[in-house]
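K.L.:
This is the structure alone, sequence omitted:
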């Protein structure tokens, strides 16, 4: 079982009713599970700490984030000196790769784009463009392609919108180190040590969670919490199941 976090296990700082009990059920039943998130606003340990504060027990090894996947990809390709556009806590995940200083506009081994939220300005986004245009070989690495997410005050743009802007401006195609890229889901499946067709992905995003998981050969279960909208069921993506919330997962599991 793969569980998205924001919108599925919790919304903002509040757990989805019944979610804590469902995670306890997964543990009792011995069902291998991981938490998948496209968040780039906090490192893995911060995610573990947040879950603990909500009553959900987990370990860092059970949380797969885009930053972890991106560092592994950069390391495999021998790339150092990345320019990281992400919150400070997430950028710290890249310290082993000797990241570029924030005021430098050339010489980046890669340009890594995460969710800076209100930290995005024209100057910041333009610096990312200049770094890409200074060397055609510099890869653009996206920490996920989520278009938006639901905060307590409403919808907010996520990293995907800024990645698309840079792809268009620089004529570059991003390497995606998060959902919905099949490689990201493949890394999760590999960590569970089971075949992809035996893995269920539970998410609230019809495109990033469900379509992405299905392209990777997983079962996609959509929940009506978080960013879910009734219009999600009118498009081309067809979830394998639609649940009111994560709390309904054990019943669906028993009947499937």
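P.N.:
Done, it's in. All figures in this text were calculated on a predicted structure; none of them were measured in a lab.

K.L.:
can we go C-alpha only for contacts and neighbour counts from here?
P.N.:
Will do.

K.L.:
For stretch 112-123, list every residue counted as buried.
P.N.:
Buried positions in stretch 112-123, judged by neighbour count with 16 or more other Cα atoms under 10 Å: 112, 113, 114, 115, 116.

K.L.:
what separates that stretch from the chain centre, distance-wise?
P.N.:
Mean-position distance between stretch 112-123 and its chain equals 16 Å (Cα atoms, centre = their mean, to the nearest Å).

K.L.:
can you list the residues that contact that stretch?
P.N.:
39-41, 82-87, 140-144, 157-159, 162-163 (Cα atoms under 8 Å, 6 or more residues apart in numbering).

K.L.:
So which other helices or strands are in contact with whatever helix or strand residue 49 lives in?
P.N.:
Assigned by DSSP states H and E, residue 49 belongs to helix 44-53. Helix 44-53 sits against strand 63-64, with contacts defined as 3 or more Cα pairs under 8 Å, 6 or more residues apart in numbering; DSSP states H and E.

K.L.:
circling back: and the buried residues of stretch 112-123, which is closest to residue 51?
P.N.:
Nearest to residue 51 among those: residue 115, at 20.3 Å, using Cα to Cα.

K.L.:
and the nearest residue in space to that closest one that is not next to it in sequence, how far is that from residue 120?
P.N.:
Once flanking residues are discounted, residue 115 sits nearest to residue 159: 4.6 Å by Cα to Cα, 6 or more residues apart in numbering. Distance of residue 159 to residue 120, given as Cα to Cα, to the nearest Å: 10 Å.

K.L.:
who touches residue 241 in this structure?
P.N.:
Contacts of residue 241 by Cα under 8 Å, 6+ apart are 220, 221, 222.

K.L.:
Could you tell me the end-to-end distance of stretch 58-71?
P.N.:
Note: stretch 58-71 ends 22 Å apart using Cα to Cα.

K.L.:
Other residues contacting that stretch?
P.N.:
33-40, 43-45, 47-48, 51-52, 90, 93-94, 141, 143-144, 177-179, 184, 188.

K.L.:
Ok, stretch 198-217 next?
P.N.:
By Cα under 8 Å, 6+ apart, the surrounding residues in contact with stretch 198-217 are 1-5, 7-8, 145-146, 179-183, 185-186, 189, 196-197, 218-228, 232, 237, 239, 246.

K.L.:
Which pLDDT value goes with residue 113?
P.N.:
On pLDDT, residue 113 comes in at 96.

K.L.:
right, I mislabeled it, should have said residue 204
P.N.:
Predicted confidence (pLDDT) for residue 204: 97.

K.L.:
That one and residue 221, how far apart?
P.N.:
8 Å.

K.L.:
more neighbours, the two?
P.N.:
It is residue 204, of residue 204 and residue 221, that has more neighbours when counted by other Cα atoms under 10 Å, with 29 against 26.

K.L.:
gap between that one and residue 131?
P.N.:
Taken as Cα to Cα, the span from residue 204 to residue 131 is 34 Å.

K.L.:
re the thing from before, which of the contacts of stretch 58-71 are buried? Put it as a PyMOL command.
P.N.:
What follows is the PyMOL syntax selecting those of the contacts of stretch 58-71 that are buried according to 16+ other Cα under 10 Å:
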select buried, resi 33+34+35+36+37+38+39+40+43+44+47+48+51+90+93+94+141+143+144+177+178+179+184+188
